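Enquirer: Sequence first, predicted model second:
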Amino acid sequence: MSRIGKKPIALPKGVEVKVNGSTVSVKGPKGQLSQDIYSELKVEVGSDEVTVTRPNDSRTNKAQHGLARTLIANMVEGVTNGFKTSLQIIGIGYRVAAKGKGLEMALGFSHPVIVDPVDGITFEVEVDNRAKVNKLHVLGIDKQKVGQVAADIRGLRPPEPYKGKGIRYVDEHIIKKAGKAGKA
């Protein structure tokens, strides 16, 4: 058995799980999510936990077992607590500001970069002028969507290896390269 797949998913108070064929829907205080899972797997909803079982030990069933359990666990976590990914904008003149529900960023280009709002995602901007670091928090209930939006924003100006300027995750470590060495 898959170690992850056989673990039951605890259901907090106020979270409701429904299974309709191969679609699992989770409803909680922060919203509602649904996910299609592999049709061979069986999802059983108890009073306070959800379990995922597989019919046999074929290679495909083994691979999908842990994945389905993790997807359902992430939906339960999302509708109860939500997910948050934090980014830092580092560099002189690099700024981020909330503009309506979207973002307006100055990233060293000749024009401001506008990030349009995404359904189910909210942005929080934190500015620290003394440290010349702006922080951007991407929040939402869908873990995949939060991670994808954060990755898209990071891709606008990835950190460069010489000075470290750009957009990076808060816990990301950039290995800096040495510049050109002068003649002795």
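Expert: Right, received. Where do you want to start? Residues are numbered from 1 along each chain as shown.

Enquirer: Could you give me the buried positions within the longest helix anywhere in the chain?
Expert: Longest helix of the chain, by residue count under DSSP state H: helix 59-80. Residues 61, 64-80 are the ones in helix 59-80 that count as buried (16 or more other CB atoms under 10 Å). Every C-beta, even on glycine, is put in place using the N, C-alpha and C of the backbone.

Enquirer: Tell me the helix or strand right after that helix.
Expert: For helix 59-80, the following helix or strand on the C-terminal side (DSSP states H and E) is strand 83-90.

Enquirer: Okay, angle between that next one and helix 59-80 too, please.
Expert: Angle, strand 83-90 to helix 59-80, by axes from the mean of the first three to the mean of the last three CA atoms, to 10 degrees: 80 degrees.

Enquirer: Tell me, how many residues neighbour residue 96?
Expert: Neighbour count of residue 96, defined by other CB atoms under 10 Å: 24.

Enquirer: Validate this expectation: it resides in a strand.
Expert: Yes. Assessed by DSSP: H, G, I helix; E, B strand; the rest coil, residue 96 belongs to a strand.

Enquirer: Please enumerate the strands of this protein.
Expert: For the chain, the strands defined by DSSP state E occupy 9-10, 16-20, 23-28, 31-36, 42-45, 49-53, 83-90, 95-99, 102-106, 113-115, 121-128, 133-140, 166-169.

Enquirer: beta partners for residue 114?
Expert: residue 104 (DSSP bridges).

Enquirer: For the residue most central in space within the chain, which residues are in contact?
Expert: Centroid-nearest residue in the chain: residue 147, 2.7 Å away (criterion: CA atoms, centre = their mean). If you count contacts by CB atoms under 8 Å, 6 or more residues apart in numbering, residue 147 has them with 83, 85.

Enquirer: Mind doing that once more with 7 Å?
Expert: Listed by CB atoms under 7 Å, 6 or more residues apart in numbering, the contact set of residue 147 reads residue 85.

Enquirer: Residue 158 now?
Expert: Shown in contact with residue 158 (CB under 7 Å, 6+ apart): 166, 167.

Enquirer: mind showing which ranges of this structure have poor pLDDT?
Expert: Along the chain, segments meeting pLDDT under 70 span 1-2, 129-132, 182-184.

Enquirer: how does it divide into domains?
Expert: By the assignment in automatic domain parsing, the chain contains the domains 9-80, 83-169.

Enquirer: Nearest to residue 176 among those would be which one?
Expert: With CB to CB, the closest approach to residue 176 among the domains of the chain belongs to domain 83-169: 5.9 Å.
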